[in-house]
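Novice: starting from these lines, generate the structure:
(one chain, ligands or ions: 2)
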Amino acid sequence: MSGPAFVPEFYEAGALIGVLTTQPLNRMLDYKAPEGGCHLGAFVEVPLGPRKVIGVVWGPGAGNWDIKKVRSAYRVLDAAPMRLEMRDFLRRAADYTLTPMNAMLRLATRAPGLGDPPSMRKIYRRGAGEPSRMTDARGRVLDTLQEYGDLSFTLKELAELAGVTAPVIKGLVEQGCVSEEDSPRDLPFQRMDPSLPSKELTEDQATAAAYLATGVASGNYGTTLLRGVTGSGKTEVYLEAVAAALRAGRQALVLLPEIALTAEFLKRIQERFGTRPAEWHSGATMTERRRIWRMVGHGQAQVVIGARSALFLPYQNLGLIVVDEEHDTSYKQEEGVLYNARDMAVLRASICGAHVVLASATPSLESWANAESGKYKRLELTSRFGPAVMPTMKTIDMRDAKLPSDRWVSEVLKAEVDKRIEAGEQAMLFINRRGYAPITLCRACGHQVGCDDCDARMVEHRFQKRLVCHQCGESKEMPEKCPSCGVEGRMAPVGPGVERLGEEATALWPDARIATLSSDMYGSARALKAEIESIAAGGADIVIGTQLVAKGHNFPNLTLVGVIDADLGLQGSDLRAAERTFQLMRQVAGRAGRAEKPGTAMLQTYQPDHPVIRAILAGDEEGFWRAEAAEREQAGVPPFGRMAGIIVSGPDVAQVFDLANHLARNDAPLRRVGAQVFGPAPAPIARVRGRHRVRMLIKADKSVALQSAISSWLRQVQIKGDVRLAVDIDPQSFY
Ligand code: ADP
Ligand code: ZN
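Specialist: Residues are numbered from 1 along each chain as shown. Ligands and ions are numbered 1, 2, ... in the order given. Got it, this is the predicted structure:
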């Protein structure tokens, strides 16, 4: 473990240094250390051709240059040098994911304006004088400042808090009663107080919390799988681990799937520790990102709540990483650097002596297996907190429902929803498909409207009045005439999406308040959060949603969940199809009956005897995991074997296949370690954004050093022109 007192190696001005930049150059560049010298790990600005770019001093320069010809770094940036453990982490993450270091550094510097001097703003605090004449408004300003002690505010904050206009404050400044000062914009976050009271924990919770607190306090690496049904108090428990990190003077990071970053969650943190944490997510402003990045580096942001990229912030002294909903697929980044934040969290923690908590009601098979084998400790919370009990689960056999082809809610489900509405409770209808209809078909010729640039059907989004490609995001107007046969007025939607289900619900329950929740129906994450909060407060009778609603929201009055198509995830050949369906159904069902009233979940299915559907109903999770693990072990697939996906893409299909075939033929470096190559074959979505895509799959034993074998294999070829090759270690998606 490295404490805050580490002093990095120093390079005198003019000494040769090796600098890692964010530019796609797959090597270090040599410079002379700038005026005043620089520390190892320092962030520097260096010339690159005609440009100025940012880099990190990675070590001494390679040295085989005429030193007179080497250019000088311009300056050292005003940021804490990158710590040894962070450089270690980036290097090992790069090795694991087979990513160039430059791309890793880009991930670690995603805060715009890092090189700029901190900008200033005016802040206000209590001054010495007394006003010549006291008014109500002036009194409120002075009382507010009194109440908050030595805190300072921006003009806007103070005006809002005191309920006055800006001129009132300016008037007090003139009289010297309020002082106005310049202060850097990048202010430290307020100290968090771990000694505020926690909720009174149940015996189960207290045991788990004590175990985690001891682990965190030890200062040693360890990973714990915290398993407990939705509502069992996992959050309460890991907040105690956060408290332990704070007591030890260390920082804590809580990773959440983006959408779970709700006001409700932030309020819980604030209640427990007295102030808001730093929030790192895609909605944060540029200024806020830079502030967090800097303050994290100075240890002045003690708790960070964030989406997966928060893992790459420059923590000064990280003692705990919580990965909430650890099974969530959004932890895997599927573009750019292909990494899994859950696995990288474990790597990072093992380097800096931190504890990891993986929390979930339905853990990934990977984490379950790691707990089984003793690599992770496993803690269980077995019951819901308080009076809440797990929902009753039932299936509805759709073979008996005899619905017309444009209806999806069975009579049985409708009757159940009716009952909830009568009782003043909420019901949810779940369908995991965005848009209005997945297929737009010409009834004259059978043509299905596809994307011009991808091998994918376009999905009608009636709300936006357009057809949208879910692969590339391209959209076009709904055609009047068939683009293939030209016949007019015969284009028809086929199949249900969340918007169409909303339409059916409006017809079935004309008097009910219906809220349809789908990520693309709300312009911003904030609008969506507002809608979710309004639903939680009772603003709807029926909630209709995609998997967005399955993630961690608390609707206390919701007592029924109807799953429109429980079979949807079971189609296809994805090795995790069963696992995903199991998790999703359990999560969705977990939305029902979170408070005093018991809940029911009803699954509409055409295959009520499918083993996965039966396992969901039986609630026998251990049984499900054991059976699933046995099957994967038998097949030698993750987590019992290793896999890597290779995706070759380019505008010219022949070129793409040439490269892939050449690689497949020259597989000696892989065979040497016993790894096998499958393919190349056109990817299931064979064209995206105009690029043809070919996939290969590599399989190997768990013990094989697969990354180094793949590197030697790929070193045999030069990738030229427009062709791109991506390596996806531990692939989660196979499209
Ligand atoms: P999970 O994270 O497992 O879904 P939470 O920690 O969110 O569960 O707990 C569910 C609800 O129960 C929350 O509103 C939480 O505040 C409450 N709760 C859990 N444990 C306790 C406790 N020991 N005392 C009071 N409230 C609790
Ligand atoms: Zn497309």
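Novice: domains for this protein, by residue range?
Specialist: For the chain, automatic domain parsing gives the domain ranges 10-108, 120-184, 203-381, 392-433+496-628, 641-729.
Novice: pLDDT (mean, whole number) over the longest one?
Specialist: Per-residue pLDDT values across domain 203-381 average out to 92.
Novice: quick one: it near ligand 1?
Specialist: Yes: counting by C-beta under 6 Å from any ligand atom, ligand 1 is contacted by domain 203-381 at 205, 228, 230, 231, 232, 233, 234, 235, 236. For every residue, glycine as well, the C-beta is placed using N, CA and C.
Novice: chain center to that domain, what's the gap?
Specialist: A distance of 12 Å separates the centroid of the chain from that of domain 203-381, by C-alpha atoms, centre = their mean, to the nearest Å.
Novice: re the thing from before, from the residues of domain 203-381 next to ligand 1, which ones fall inside helices?
Specialist: 205, 234, 235, 236 (DSSP state H).
Novice: sorry, back to before: can I get the domains of the chain in CSV with distance to ligand 2?
Specialist: Shown next, in CSV, are the domains of the chain (distance: least, C-beta to the ion, whole Å):
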stretch, distance to ligand 2
domain 10-108, 25
domain 120-184, 43
domain 203-381, 15
domain 392-433+496-628, 15
domain 641-729, 6
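Novice: relative to residue 453, which of those is closest?
Specialist: For residue 453, the closest of those is domain 641-729, at 4.5 Å, according to C-beta to C-beta.
Novice: ends of that closest one, what's the gap?
Specialist: The first residue of domain 641-729 is 12 Å away from its last residue (C-alpha to C-alpha, to the nearest Å).
Novice: next, the closest residue to residue 681 other than its chain neighbours: secondary structure please.
Specialist: Of all residues not flanking residue 681 in the chain, residue 695 sits nearest, at 6.1 Å (C-beta to C-beta, 6 or more residues apart in numbering). Here residue 695 is strand, with the state taken from DSSP: H, G, I helix; E, B strand; the rest coil.
Novice: and if you look at residue 562?
Specialist: Classified using three-state DSSP, residue 562 is strand.
Novice: can you count the residues close to it?
Specialist: Using other C-beta atoms under 10 Å, the number of residues around residue 562 comes to 28.
Novice: beta partners for residue 332?
Specialist: residue 340 (DSSP bridges).
Novice: list the beta-bridge partners for residue 481.
Specialist: Those that pair with residue 481 in a beta bridge, by DSSP bridges, are residue 488.
Novice: what confidence value was assigned to it?
Specialist: At residue 481, pLDDT is 91.
Novice: show me what contacts it?
Specialist: 487, 488, 491 (C-beta atoms under 8 Å, 6 or more residues apart in numbering).
Novice: ok, now which ones touch the residue in the stretch 601-735 of the chain that ligand 1 sits nearest to?
Specialist: As assessed by C-beta to the nearest ligand atom, ligand 1 sits closest to residue 621 within the stretch 601-735 of the chain, at 14.8 Å. Listed by C-beta under 8 Å, 6+ apart, the contact partners of residue 621 are 362, 586.
Novice: buried among the contacts of residue 481? Need that as a selection in PyMOL.
Specialist: Here is the PyMOL command that picks out the buried ones among these, judged by 16 or more other C-beta atoms under 10 Å:
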select buried, resi 491
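Novice: tell me the one of the contacts of residue 481 nearest residue 262?
Specialist: Taking C-beta to C-beta as the measure, residue 262 sits nearest to residue 491 out of those, at 39.3 Å.
Novice: residue 641 versus that closest one, what's the distance?
Specialist: 46 Å (C-beta to C-beta, to the nearest Å).
Novice: residue 36 now?
Specialist: Taking C-beta to C-beta as the measure, residue 36 falls 53 Å from residue 641.
Novice: so between these two, which is more surrounded?
Specialist: residue 641 (17 against 9).
Novice: show me where the stretch 251-400 of the chain has helices.
Specialist: Assigned by DSSP state H, counting those that start in this stretch, the stretch 251-400 of the chain shows helices spanning 263-273, 286-297, 341-352, 365-372.
Novice: now render those helices as JSON lines, adding mean neighbour count.
Specialist: As requested, the helices of the stretch 251-400 of the chain are arranged in JSON lines below (neighbours: other C-beta atoms under 10 Å):
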{"stretch": "helix 263-273", "mean neighbour count": "16"}
{"stretch": "helix 286-297", "mean neighbour count": "20"}
{"stretch": "helix 341-352", "mean neighbour count": "22"}
{"stretch": "helix 365-372", "mean neighbour count": "21"}
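Novice: in CSV: those, plus distance to residue 323.
Specialist: Listed next are the helices of the stretch 251-400 of the chain as CSV, based on distance: least, C-beta to C-beta, whole Å:
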stretch, distance to residue 323
helix 263-273, 15
helix 286-297, 18
helix 341-352, 5
helix 365-372, 9
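Novice: to residue 417, which of the ones you listed lies closest?
Specialist: Nearest of those to residue 417, taken as C-beta to C-beta: helix 263-273 at 25.7 Å.
Novice: residue 662 is nearest to which of the helices of the stretch 251-400 of the chain?
Specialist: Using C-beta to C-beta, the helices of the stretch 251-400 of the chain put helix 341-352 closest to residue 662, at 30.9 Å.
Novice: break down the stretch 501-650 of the chain into its helices, ranges please.
Specialist: Using DSSP H, counting those that start in this stretch, helices in the stretch 501-650 of the chain cover 525-536, 577-589, 611-618, 621-635.
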